[in-house]
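Participant: Sequence first, then the predicted structure, then my questions.
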Amino acid sequence: MLSKEDRVLIKVLRVEKGYGAKRIMTEFPGRNFSLASVKRLLHQIDTTGSASAYRKSGSGRRRTARCGTNVELVEAIALSQEDVPGTHRTVRQIARETAWQYKVVCPQHHVPQSEA
């Protein structure tokens with residue numbers, strides 16, 4: 001894995017001097033760079049202009065299903081069963097009623113005792 005300093009160094013050599021992967025590896029024989037890692041980083045520098053190890057903002061999975069109104073709705077459904085015996089609904093039933101996936105409802109189904 002390339003350290004942050006290595007990434008900056010390789011970016012400078014690529015942008016200012018136009019070095020390729022093999023040239024970078026011959027310039028720094030003491031460092032144990034993997035050829036594949038250097039090539040991957042050079043490709044990233046060429047396409048995005050950045051040597052950052054972090055993803056672009058907005059990339060990845062969206063978290064819209066866990067917004068405040070959805071949390072309140074699931075809590076209301078789960079807590080409405082406490083006073084009426086014999087009306088227990090499973091997490092899957094709640095997911096079916098709200099048209100959400102099971103994994104979205106599951107962590108919200110059980111409200112911690114401190115909040116209840």
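Facilitator: Thanks, I have the structure now.

Participant: In this structure, what residue spans correspond to strands?
Facilitator: In the chain, no strands are defined using DSSP state E.

Participant: domains of it?
Facilitator: With domains defined by automatic domain parsing, the chain comprises 4-48, 64-109.

Participant: Lowest mean pLDDT across those, which one is that?
Facilitator: When those are compared on mean pLDDT, domain 64-109 scores lowest, with a mean of 68.

Participant: one step back: possible to save the domains of the chain as CSV with mean neighbour count?
Facilitator: Where you see a C-beta, it was placed from the backbone N, CA and C, and this is true even at glycine. Putting those into CSV (neighbours: other Cβ atoms under 10 Å) gives the following:
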stretch, mean neighbour count
domain 4-48, 14
domain 64-109, 13
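
Participant: from what I can see Ile77 touches Glu97, true?
Facilitator: Yes: counting by Cβ atoms under 8 Å, Glu97 is a contact partner of Ile77 at 7.0 Å.

Participant: any shared contact partners between these two?
Facilitator: Arg89 (Cβ atoms under 8 Å, 6 or more residues apart in numbering).

Participant: could you pull out the helices for this structure?
Facilitator: Counting by DSSP state H, the chain has these helices, from start to end: 4-12, 21-27, 35-48, 68-79, 91-98, 102-109.

Participant: Reformat those as a markdown table; add distance to Ser59.
Facilitator: Shown next, in a markdown table, are those (distance: least, Cβ to Cβ, whole Å):
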| stretch | distance to Ser59 |
| --- | --- |
| helix 4-12 | 19 |
| helix 21-27 | 25 |
| helix 35-48 | 11 |
| helix 68-79 | 23 |
| helix 91-98 | 27 |
| helix 102-109 | 21 |
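
Participant: Arg61: which of those helices is closest?
Facilitator: Among these, the nearest to Arg61 by Cβ to Cβ is helix 102-109 (11.7 Å).

Participant: wait, Arg31 sits on Asp6?
Facilitator: Yes: with contact defined as Cβ under 8 Å, Arg31 reaches Asp6; the gap is 7.0 Å.

Participant: In space, what's closest to Met1 - neighbours in sequence excluded?
Facilitator: Setting aside the residues directly before and after it, Met1 is nearest to Ser37 in space (Cβ to Cβ, 6 or more residues apart in numbering), at 7.3 Å.
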